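Participant: Sequence and predicted model, in that order:
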Amino acid sequence: LGLTFAIAALALRGPLQDDLLGGSPTLYWVLIVTVLAYAVSYFARGFLAGSRRFGSYGGLVLIEASSRFAFALSVAVGVAEGQAVVALGMAAAPIVSLAVVPLGLRRRTGVAIARTGTGPGAGEPGPRERASEGPAIRARALDSAATGEPAAPDAPSGDAADFTLARGSGFAVAVLAIMLAEQTFLNAGPLLVNATEGAQGAALAGFTFNVLLIARAPLQLFQAVQTSILPHLTRLGARGETDPFRRSVNVTLLAIACFAGAVSLVMLAAGPSVMGIVFGGEFDYDRLGLVLIALGMGLYLAAATLNQALLARGEATRAAACWLVAAAGFVAFLLLPGFDDRVLQVEVGYLGAALVLGALLYARYRHL
């Protein structure tokens, strides 16, 4: 996927650099490096969370956020200037954060050597080593993660590996479809506003993007939970621990409901003032619209949690279908003519699409 993106971006340099990025070669190369660097960074996040290296995972996220913030801060305080510096932070942050990965691997390798390389019976696995599973058992565990069912303990490792590869390919395609739907939820509004509003399209799209940051910012925070909850739920599902599985989902949903409720109250009480202070500009932020986005954010995060539960139980294809239906409905609503207030159309569409998505995923979740 990274190679495909690089080829496409190089082939389309003219439209990307001139039409999308205002003729800036710096932003064009930052775009290419950033996308490829984040591809590696997100793979590293999944690997660290999936192998339960949560300390290294937290360090990676912290270093990435701090690095990106440092570039923006340097511009804000006057040490540097220009949007190119801020953009460079987007490219540098994932690259710098990857320094955590070899440290985490080295630490885990050192622990393994310390457990198996010394003392009596060093050539034989101890209790911890037997509990940590050998290669064949890990292959069956991967199979369990894909299907949501415990693997047969005596299944041949070769058959398990082939079965996991087939299931894993289908899983990857389904997750890719979900990712595309996620980007549709977050970016279709500003892009369509920009494309359909003529001369004022760019300014109005920027305003719409500001409003959607109410949804984007919590999603950034939720990514840490989202990446960690999938291996946790997969492990519970593979063991057949239904009650702890549902309890974990319910606790997460409750936390999301409390958070979304608090954000909605803040937007209701002081939303326009807060947005004006943070973003400035000539636009007036509608209080009702901000509340709609806050409620939509809560529904979207709840849907993302239900999605992780479905992925953990091998329901990736059905979950992807729910996402694609909701995303298609969102785009169709945004294309409806007759709305004088395009920003309000995006706000209402986001809330409605998040509600549809949550309902579809919840209906599937109840059948687990």
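Facilitator: Sure, I can see it.

Participant: pLDDT below threshold where in this protein?
Facilitator: Along the chain, the parts satisfying pLDDT under 70 run over 107-164, 166, 224, 281-282.

Participant: rerun at 50
Facilitator: For the chain, applying pLDDT under 50 flags the ranges 118-139, 141-142, 144-162.

Participant: which residue ranges form the helices in it?
Facilitator: 2-11, 13-14, 25-50, 54-76, 83-97, 100-116, 127-132, 135-147, 157-196, 201-238, 242-279, 287-312, 316-334, 342-365 (DSSP state H).

Participant: Skipping its backbone neighbours, what lies nearest residue 97 in space?
Facilitator: Nearest residue to residue 97, sequence neighbours excluded (C-beta to C-beta, 6 or more residues apart in numbering): residue 64, at 3.7 Å. C-beta coordinates here come from the backbone N, C-alpha and C atoms, glycine included.

Participant: Give me the distance between the most centrally placed residue in the chain and residue 235.
Facilitator: Nearest to the geometric centre of the chain sits residue 223, at 5.1 Å (C-alpha atoms, centre = their mean). Counting by C-beta to C-beta, to the nearest Å, the separation of residue 223 from residue 235 is 20 Å.

Participant: for residue 226, same thing?
Facilitator: The gap separating residue 226 from residue 235 is 16 Å, by C-beta to C-beta.

Participant: again with residue 215
Facilitator: Residue 215 is 30 Å from residue 235, by C-beta to C-beta.

Participant: who's more crowded, those two?
Facilitator: residue 215 (22 against 17; other C-beta atoms under 10 Å).

Participant: Distance-wise, check that one relative to residue 65.
Facilitator: Distance of residue 215 to residue 65, computed by C-beta to C-beta: 18 Å.

Participant: List the contacts of the residue nearest to residue 206 when sequence neighbours are not counted.
Facilitator: Spatial nearest neighbour of residue 206, excluding adjacent residues (C-beta to C-beta, 6+ apart): residue 190 at 7.5 Å. Contacts for residue 190 (C-beta atoms under 8 Å, 6 or more residues apart in numbering) come out as 205, 206, 208, 209, 212, 346.

Participant: Considering the residues you listed, which possesses the most neighbours?
Facilitator: The residue in the contacts of residue 190 with the most neighbours, by other C-beta under 10 Å, is residue 346 (28 neighbours).

Participant: how close does it sit to residue 254?
Facilitator: Distance from residue 346 to residue 254, by C-beta to C-beta: 28 Å.

Participant: and residue 317, what does it touch?
Facilitator: Residues in contact with residue 317 (C-beta under 8 Å, 6+ apart) are 170, 174.

Participant: ignore the last one, residue 28
Facilitator: By C-beta under 8 Å, 6+ apart, residue 28 lies in contact with 13, 16, 17, 21.

Participant: Which ChimeraX command selects the buried ones in those?
Facilitator: A single ChimeraX command selects the buried members of the contacts of residue 28 (16 or more other C-beta atoms under 10 Å):
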select :16,17,21
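
Participant: Now flag whichever of the contacts of residue 28 is closest to residue 331.
Facilitator: residue 16 (22.0 Å; C-beta to C-beta).

Participant: The closest one contacts residue 29, correct?
Facilitator: No. Counting by C-beta atoms under 8 Å, residue 16 sits too far from residue 29 to count as a contact (10.6 Å).

Participant: What's the local residue count around residue 363?
Facilitator: Residue 363 has 11 neighbouring residues, counting by other C-beta under 10 Å.

Participant: Sorry, wrong one. I was asking about residue 321.
Facilitator: Residue 321: 17 neighbours (other C-beta under 10 Å).

Participant: what do you get for residue 335?
Facilitator: Using other C-beta under 10 Å, residue 335 is surrounded by 12 other residues.

Participant: Provide a list of residues in contact with the nearest residue to it once chain neighbours are set aside.
Facilitator: Once flanking residues are discounted, residue 335 sits nearest to residue 192: 7.1 Å by C-beta to C-beta, 6+ apart. Listed by C-beta under 8 Å, 6+ apart, the contact partners of residue 192 are 331, 334, 335.

Participant: List the residues that contact the second one.
Facilitator: Spelled out, that is residue 334. 188, 189, 192, 345, 346, 349 are the contacts of residue 334 under C-beta under 8 Å, 6+ apart.

Participant: Need the residues you listed in TSV (columns: distance to residue 306).
Facilitator: Shown next, in TSV, are the contacts of residue 334 (distance: C-beta to C-beta, whole Å):
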residue	distance to residue 306
188	21
189	23
192	27
345	26
346	24
349	21
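
Participant: what's residue 69 in contact with, if anything?
Facilitator: Counting by C-beta under 8 Å, 6+ apart, residue 69 touches residue 89.

Participant: From residue 63, how far out is it?
Facilitator: Applying C-beta to C-beta, the value for residue 69 to residue 63 is 11 Å.

Participant: repeat for residue 280
Facilitator: As judged by C-beta to C-beta, residue 280 and residue 63 stand 30 Å apart.

Participant: Then residue 4?
Facilitator: 28 Å.

Participant: With neighbour numbers in mind, choose between the two.
Facilitator: Between residue 4 and residue 63, counting by other C-beta under 10 Å, residue 63 is the more crowded of the two (17 against 8).
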